[in-house]
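Colleague: Test case, fold it:
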Amino acid sequence: MKNQIVIGREREFSQLKACLDSDRSELVIIFGRRRVGKTFLIDEFFKKQYDFTYTGGHNLEQRIQLRNFAKALKKFSQEKTTRKFNDWFEAFDALEDYLSCMPENRKKTIFIDEMPWIDSFRSDFTAAFENFWNSWAARRRDIVFIASGSATSWMVDNLIENQGGLHARITCQIYLRPFTLYETEKYLKSRGCHWDRFQIAQCYMSFGGIPFYLSLIDVKKSLAQNIDSLCFARGGALALEFNELYNALFTHAENYVRVVKLLAQKRYGMTNSAIALESGIEGGRLTKILNNLQRCDFIMKFKYYGKKTQNSIYKLTDFYTLFYLKYIEPNKDSFNEQWWSNNLNSHSVEAWQGLTFELLCLMHIRQIRNALNIGGIAFDISAWFDKADKKTGTSGSQIDLIIERADRIIHLCEMKFSQGQFKISSDYEMKLRNRMELFKEKTGTNRTLINTFITTFGIADGIHSSIVNGEVTLNGLFGE
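Modeller: Model (predicted):
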């Protein structure tokens with residue numbers, strides 16, 4: 001992932017530099033979904049120059065974790081023998097002794113990666129770490145301790161929202177998000193990729209802005225060829241990623257997979273109560289699952305316009321998960337290694353691109369606002385629908401994105417993916433006018449309504465295009 005940091009992580013670099021330059025000890029938590037580049041970020045900033053570093057092992061019992069920790073400590077302290085620790089309190093005592101012997105005129109950097117994997121069943125790791133930080137490190141001015149891990153639920157529960165010894169002790173939180181379209185384009189170009197923005201958008205709609213997934217792309221091949229080799233060929237890296245992804249992130253991953261599979265089937269999203277009913281997961285357990293999926297950018301929470309927050313809807317927004325469930329999983333036994341190339345122009349793929357483009361827009365709200373020149377105005381986003389009524393003969397209506405501005409203007413957004421300029425017919429113009437009237441009637445709003453279109457290549461000129469009052473093209477989504 002060469003040049004990744006230079007391209008997309010300037011803010012995170014500045015946060016880490018501020019920790020190094022401060023006059024106190026710093027406890028830095030870096031978290032985010034698997035494959036987003038946490039370890040790469042840290043290694044690049046510190047040039048892999050640590051006073052001590054250790055990476056937890058997946059599914060290893062405490063005895064093995066302690067042995068590996070002792071081997072790492074031997075390497076950095078240059079001791080001749082490897083110590084034997086009975087518990088994590090002894091391990092952190094030894095780390096304290098080693099660090100205490102170092103000069104006090106500079107910051108000492110400790111990096112513990114995949115920390116959630118260290119905290120195995122019946123482990124005393126968290127308690128020992130709390131004791132190490134509170135009784136020793138926090139009282140000094142020369143320690144920078146970086147804790148990282150992909151298992152977001154553990155990172156949040158045990159560190160960020162810790163109500164015990166680490167409560168309010170964290171000095172810096174860095175949540176690493178996927179790349180935007182802008183960052184994705186810069187990254188691909190840095191690797192010599194010459195795709196146009198239409199192809200890059202299609203790539204994003206398949207893999208999302210996950211740096212590791214993008215690093216797998218062979219820039220000498222077309223996008224379709226890459227999708228075939230990564231997703232449909234035997235042993236393709238992304239054909240095997242799904243189960244590893246959820247098992248690495250979440251305890252009892254099967255419950256998370258059950259929820260995302262439900263959401264994958266519902267274009268308009270689901271309410272909390274609907275998810276509980278169909279999944280059989282209820283109460284606090286479901287709330288925790290939904291919160292953790294949100295923290296990892298797998299789902300987004302939207303409120304219905306004019307409704308209370310408990311009527312919010314959840315949408316699956318992880319592009320790789322959607323692509324896997326839609327195409328990879330159903331075709332994994334077909335032995336058709338060119339499945340994507342053979343079906344690229346099918347009605348199924350065309351419909352999928354239309355739906356996924358909507359999610360692409362939802363993930364780039366900031367860029368949409370900037371393209372509309374409303375970036376400095378306070379706003380709120382929501383969705384709205386009106387059910388069909390058989391008695392009155394109304395067919396119902398849906399708006400997937402509403403941007404409500406503080407200056408009493410509401411953007412009713414339409415998101416359209418097409419190969420060229422989007423043409424508005426007379427029937428479609430009438431549909432938009434009727435929808436505006438229905439929205440006014442049902443919501444009782446007296447605010448100014450603007451039909452705003454977000455398209456790939458813009459709206460074609462015509463007698464019906466005047467219904468559009470605001471417009472954003474694909475180039476606008478690629479803004480910084």
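Colleague: Helices of the stretch 51-200 of the chain, start to end?
Modeller: Here the stretch 51-200 of the chain has its helices, by DSSP state H, counting those that start in this stretch, at 62-77, 88-100, 115-118, 125-135, 152-155, 181-190, 197-207.
Colleague: Residue 170: neighbouring residues, count only.
Modeller: Counted with other CB atoms under 10 Å, residues neighbouring residue 170 total 17. Backbone N, C-alpha and C define where each C-beta goes, glycine included.
Colleague: Also residue 201?
Modeller: The local packing of residue 201 (other CB under 10 Å) involves 23 other residues.
Colleague: Which residue is the nearest non-sequential neighbour of it?
Modeller: Leaving out its chain neighbours, the residue that sits closest to residue 201 by CB to CB, 6 or more residues apart in numbering is residue 474, at 6.0 Å.
Colleague: Next: residue 377.
Modeller: Per CB to CB, 6+ apart, closest to residue 377 is residue 405, 5.1 Å.
Colleague: go on, residue 387?
Modeller: Of all residues not flanking residue 387 in the chain, residue 396 sits nearest, at 5.2 Å (CB to CB, 6+ apart).
Colleague: Could I get the contacting residues of the one you found?
Modeller: Neighbouring residues of residue 396 by CB atoms under 8 Å, 6 or more residues apart in numbering: 385-389.
Colleague: of those residues, buried ones?
Modeller: 385-386 (16 or more other CB atoms under 10 Å).
Colleague: Now do the strands in the stretch 351-480 of the chain.
Modeller: According to DSSP state E, counting those that start in this stretch, the stretch 351-480 of the chain carries its strands in the segments 379-386, 397-405, 409-416, 448-455, 470-472.
Colleague: Now do the fourth one, average pLDDT.
Modeller: Model confidence over strand 448-455 averages 96 on the pLDDT scale.
Colleague: Sheet partners, orientation included, of it?
Modeller: Using DSSP bridges, the neighbouring strands of strand 448-455 in the sheet come out as strand 409-416 (parallel), strand 470-472 (parallel).
Colleague: mind listing what's buried in the last one?
Modeller: Residues of strand 470-472 classed as buried under the neighbour-count rule (16+ other CB under 10 Å) are 470-472.
Colleague: hmm, back to that, pretty sure the residue nearest to residue 377 sits against residue 376.
Modeller: No: between residue 405 and residue 376 there is no contact under CB atoms under 8 Å: 10.6 Å.
Colleague: So for the chain, the centremost residue is which one?
Modeller: residue 297 (3.2 Å; CA atoms, centre = their mean).
Colleague: What distance do you get for it to residue 442?
Modeller: 32 Å (CB to CB, to the nearest Å).
Colleague: From residue 479, how far out is residue 318?
Modeller: From residue 318 to residue 479 the distance is 22 Å (CB to CB).
Colleague: More neighbours: those two, which one.
Modeller: Between residue 318 and residue 479, residue 318 has the larger neighbour count (other CB under 10 Å), namely 24 against 17.
Colleague: State the distance from the more buried one to residue 297.
Modeller: The gap separating residue 318 from residue 297 is 7 Å, by CB to CB.
Colleague: So what touches stretch 314-324?
Modeller: 204-208, 210, 213, 231, 238, 241-242, 245, 260, 263-264, 268-272, 275, 290, 296-302, 356, 359, 362-363.
Colleague: right, I mislabeled it, should have said stretch 469-480
Modeller: Outside stretch 469-480, the residues within contact range by CB under 8 Å, 6+ apart are 180-182, 185, 197-198, 201, 360-361, 364, 367-368, 370-372, 411, 450-459.
Colleague: From the chain's centroid, how far away is that stretch?
Modeller: 21 Å (CA atoms, centre = their mean, to the nearest Å).
Colleague: same check, this time on stretch 32-41
Modeller: Mean-position distance between stretch 32-41 and its chain equals 11 Å (CA atoms, centre = their mean).
Colleague: Show me which positions of that stretch end up buried.
Modeller: Residues of stretch 32-41 classed as buried under the neighbour-count rule (16+ other CB under 10 Å) are 32-38, 40-41.
Colleague: Look at it and report the distance between its end residues.
Modeller: One end of stretch 32-41 to the other measures 12 Å (CA to CA, to the nearest Å).
Colleague: tell me the average confidence for that stretch?
Modeller: Average pLDDT, stretch 32-41: 92.
Colleague: Could you check the helix ranked longest in the chain and say which residues are buried?
Modeller: Longest helix in the chain, counting residues (DSSP state H): helix 426-443. For helix 426-443, the neighbour count (16+ other CB under 10 Å) marks 429, 432, 435-436, 439, 443 as buried.
Colleague: any idea which of the residues you listed is closest to residue 306?
Modeller: The shortest gap between residue 306 and any of the buried residues of helix 426-443 belongs to residue 443, at 5.0 Å (CB to CB).
Colleague: got a pLDDT number for that closest one?
Modeller: Confidence at residue 443, expressed as pLDDT, is 92.
Colleague: Need the nearest residue in space to it, chain neighbours excluded.
Modeller: Leaving out its chain neighbours, residue 443 is closest to residue 306 (CB to CB, 6+ apart), at 5.0 Å.
Colleague: how many other residues sit next to the one you found?
Modeller: Neighbours of residue 306 (other CB under 10 Å): 14.
Colleague: ok, now which ones touch the spatially closest residue to residue 358 that is not a sequence neighbour?
Modeller: Using CB to CB, 6+ apart and skipping residues adjacent in sequence, the residue nearest residue 358 is residue 415, 4.5 Å away. Applying CB under 8 Å, 6+ apart, we find residue 415 in contact with 357-358, 361, 400-401, 453-455.
Colleague: again, only this time at 6 Å
Modeller: If a contact means CB atoms under 6 Å, 6 or more residues apart in numbering, then residue 415 has 357-358, 361, 454 as its contacts.
Colleague: Looking at those residues, which are in helices?
Modeller: 357-358, 361.
Colleague: for the residues you listed, which one is nearest residue 110?
Modeller: residue 361 (41.6 Å).
Colleague: Hmm, residue 454 and the closest one touching each other?
Modeller: Yes: under the criterion of CB atoms under 6 Å, residue 361 makes contact with residue 454 at 5.0 Å.
Colleague: quick one: which of these two has more around it?
Modeller: Counted by other CB under 10 Å, residue 361 and residue 454 do not tie: residue 454 has more neighbours, with 28 against 23.
Colleague: looking at the sheet around the more buried one, what are its partners?
Modeller: Residues in a beta bridge with residue 454, per DSSP bridges, are residue 415, residue 472.
Colleague: Pretty sure residue 363 is one of the things it touches, is it not?
Modeller: No: Residue 454 is beyond contact range of residue 363, at 12.0 Å (criterion: CB under 6 Å).
Colleague: Quickly note the distance from residue 186 to residue 425.
Modeller: Distance from residue 186 to residue 425, by CB to CB: 38 Å.
Colleague: So for the two, which residue has more residues nearby?
Modeller: residue 186 (18 against 10).
Colleague: Now for the nearest residue to that one once chain neighbours are set aside: which residues touch it?
Modeller: Residue nearest to residue 186 in three dimensions, not counting chain neighbours: residue 7, with 4.5 Å by CB to CB, 6+ apart. Applying CB under 6 Å, 6+ apart, we find residue 7 in contact with 183, 186-187.
Colleague: could you redo the last one with a cut-off of 10 Å?
Modeller: By CB atoms under 10 Å, 6 or more residues apart in numbering, the residues touching residue 7 are 1, 179, 182-190, 211.
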